[in-house]
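Asker: build the 3D model from these lines:
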Amino acid sequence: MRCGLAVAVACLALTLCGAAQAQAQAQDAPEGFEAARQVHWALGAFFGTGWYQVDENRSVFILRLSPRQTLQESSLGPDGTRRFGVEILYPVSIGLTRIDDVPDFIDLDNYATVSFTPGIQVEVPVNERWSLRPYLHLGYGKESRSGEGAWIGYGGLKSRYVLGEGYFRWTVLNSLNVAGYGPEYEDRGRYASLMAGLEFSQPLRPAGNGKDALYLNWRLDYDWYFDRLKFHVDEDRVESLRDQWELGIAVSKRDKPITIGFLSFEQIGLAYRWSSDATFNAITLNFRSPFTE
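Answerer: Numbers count the residues shown, from 1 in each chain. As a prediction, the model looks like this:
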């Protein structure tokens, strides 16, 4: 993991996109040229938001702008009448080769990749506790220095079930996700995953004195990949991942977004991701629940 045509930008984050330049050039590389080091840059459009590293290898960043447009809010009437929620999403991911100083954002040579993957999410209220959210994105991305382009697609089905409401609000999260790009880089253009997790929300500051109540949100997720994610670490070695854990923490308001200027966020926090074999780790910005991202 977002739409906004006339509404505020919902997400601004840093994401690993992959080793764009090196990987794009490796296919026609001269003898002795260092091989591509990371997941293909096209995966940055859907792989997540933050900073990623594989086996202590070099990192690449993505500046991701994800405005969203809400066409209709979901609802469930007392008589069981369902109203589907509909959102249109317009995520743009810009690959950065470095992000050490503020001038790095100004240097045009630092922008290695760009992708645009518009999509749609439909929220289906099954009952008062259970909601489903199918989603689909299709778009295109390009690596600036080599001129390499790729069609990108991802989608799936997300589920949220509320187990308890009280001092704690806790829910079960599940999702089935598929993603891919073409043309593929060495048969690494597809993956599918199954996610299960728990999400908690507890009061951090009660409402009063003209202030809104604040909540502390935290979650633990586990992703299992049907197809191993492969990272080309060097010319002769490929690391592959079978799973991923994520621990996230954030601050939110219960019934309204957090607004900073013209930006609006569901929540603001951080998350840490890692694989069971410790090959992969990431620090991400946490602006949404996995169910709504």
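Asker: what about Gly180, helix or strand, and which?
Answerer: Assessed by DSSP states H and E, Gly180 sits inside strand 169-182.
Asker: tell me what that strand is packed against?
Answerer: strand 149-164, strand 190-205 (3 or more Cβ pairs under 8 Å, 6 or more residues apart in numbering; DSSP states H and E). The C-beta positions use only the backbone N, C-alpha and C, and glycine is treated the same way.
Asker: same list, those strands, but as TSV with mean neighbour count, distance to Thr171 and mean pLDDT please.
Answerer: Below are the helices and strands packed on strand 169-182 laid out as TSV (neighbours: other Cβ atoms under 10 Å; distance: least, Cβ to Cβ, whole Å; pLDDT from 0 to 100):
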stretch	mean neighbour count	distance to Thr171	mean pLDDT
strand 149-164	18	5	93
strand 190-205	16	5	91
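Asker: mind putting those strands into a markdown table with distance to Leu229?
Answerer: Formatted as a markdown table, the helices and strands packed on strand 169-182 follow (distance: least, Cβ to Cβ, whole Å):
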| stretch | distance to Leu229 |
| --- | --- |
| strand 149-164 | 13 |
| strand 190-205 | 6 |
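Asker: which among the ones you listed is found nearest to Asn174?
Answerer: strand 149-164 (4.4 Å; Cβ to Cβ).
Asker: show me which residues of the helix or strand that Arg242 is a member of are buried.
Answerer: Using DSSP H and E, Arg242 maps to strand 237-252. Neighbour counts using 16 or more other Cβ atoms under 10 Å place 239, 241, 243-246, 248, 250-252 of strand 237-252 among the buried residues.
Asker: closest one to Lys211 out of the residues you listed, please.
Answerer: Val251 (13.2 Å).
Asker: for that closest one, give the beta-bridge partners.
Answerer: Using DSSP bridges, the bridge partners assigned to Val251 are Leu216, Ile268.
Asker: from memory Gly269 sits against Ile258, does it?
Answerer: No. Between Gly269 and Ile258 there is no contact under Cβ atoms under 8 Å: 10.4 Å.
Asker: now do the shared contacts for the two.
Answerer: In terms of Cβ atoms under 8 Å, 6 or more residues apart in numbering, Gly269 and Ile258 are both contacted by the residues Val251.
Asker: returning to what we had before: next helix or strand past the strand holding Arg242?
Answerer: Strand 237-252 is succeeded, C-terminally, by strand 258-260 (DSSP H and E).
Asker: direction included, what does that next one pair against?
Answerer: strand 263-265 (antiparallel).
Asker: buried residues in the strand it pairs with?
Answerer: Quick answer for strand 263-265 (16+ other Cβ under 10 Å): 264-265.
Asker: pLDDT of it, averaged?
Answerer: Averaging pLDDT along strand 263-265 gives 84.
Asker: ditto for stretch 229-239
Answerer: Per-residue scores along stretch 229-239 average to 63.
Asker: any low-confidence regions in this protein?
Answerer: By pLDDT under 70, the weakly predicted segments of the chain are 1-44, 46-60, 96-112, 145-146, 184-189, 208-210, 230-239.
Asker: please, where are all the helices along it?
Answerer: Here the chain has its helices, by DSSP state H, at 20-26.
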